[in-house]
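Student: Whatever this is, show me its structure:
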Amino acid sequence: APLDFLWIDLEHGAIDRASLHAMIAATQGTACAPLVRVGYADPVPVKPVLDAGAFGVIFPMLHDAAEARTAVEAVRYPPQGIRGVGPHTALARWGLSFPDYLKRANDEILTVLQIETQGALKNLDAILAVPGIDVAFIAAMDLSMSFGKPAQFDDPEVAGAIEKAERTILASGI
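Tutor: The predicted structure is shown next:
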């Protein structure tokens, strides 16, 4: 199928490292970008995802700019970030030499944030001001849950929060 991206879910999915590697490898030779959602903004779960060749990492449940900075730093090599060097499998998926991968990775690997908590809404301007965020999107189900109104997207409080977040994200240029 002509997919733009494949969302591989490590937050809720029962996917081990071998399956993750196979899923990323299955996109080889296509224009499909493998994106992987980890469980939280921490460099430890991000490292094997990127070393397997993911083109981006999706971070759920962020609450503030500090967590957004942690997400960005986990995806990038020094001096822009804290990612350790060990992308030997990623080289095959990217089809690049080691030096070329290192030159391109910081600019081309996506950092994707899910906006899905009341804390994220409260701190949205500060979160979006963190350099290095490529995509921010509203995860409406968890956002509605944070208001104690699961899937009540027509509720004025939930709908208003989604609308305000959408306007803020669009205005940020992210």
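Student: buried sites along the worst-scoring helix or strand of the chain on mean pLDDT?
Tutor: Ranked by mean pLDDT, DSSP states H and E, the weakest helix or strand in the chain is helix 88-94, scoring a mean of 88. By 16 or more other CB atoms under 10 Å, the buried positions in helix 88-94 come out as Thr89, Ala90, Leu91, Arg93, Trp94. (C-beta placed from N, C-alpha, C; glycine too.)
Student: Can you tell me how far the residue of the chain positioned farthest from its centre is from Leu10?
Tutor: Distance from the C-alpha centroid of the chain, by CA atoms, centre = their mean, peaks at Pro156 (28.5 Å). Relative to Leu10, Pro156 is positioned 34 Å away (criterion: CB to CB, to the nearest Å).
Student: try Tyr101
Tutor: 22 Å.
Student: for Glu166, same thing?
Tutor: For Glu166, the distance to Leu10 - CB to CB - is 26 Å.
Student: And these two? Which one has more around it.
Tutor: Shown here are Glu166 and Leu10; by other CB atoms under 10 Å, Leu10 has more neighbours (20 against 13).
Student: Does the more buried one touch Val36 like I think?
Tutor: Yes. Assessed by CB atoms under 8 Å, Leu10 is found in contact with Val36 at 6.0 Å.
Student: Now do the shared contacts for the two.
Tutor: Residues touching both Leu10 and Val36 (CB atoms under 8 Å, 6 or more residues apart in numbering): Leu20, Val49.
Student: Using just helix, strand and coil, how would you label Ala151?
Tutor: Under DSSP: H, G, I helix; E, B strand; the rest coil, Ala151 falls in the coil class.
Student: Next one: it relative to Glu116, how far apart?
Tutor: In terms of CB to CB, Ala151 sits 13 Å off from Glu116.
Student: Looking at those two, which has the bigger crowd around it?
Tutor: Legend: neighbour count by other CB under 10 Å for Ala151 and Glu116, higher for Glu116 (23 against 11).
Student: so what's the more buried one up against?
Tutor: Glu116 neighbours (CB under 8 Å, 6+ apart): Pro60, Met61, Ile138, Ala139, Ala140, Met141, Asp142, Leu143, Ser146.
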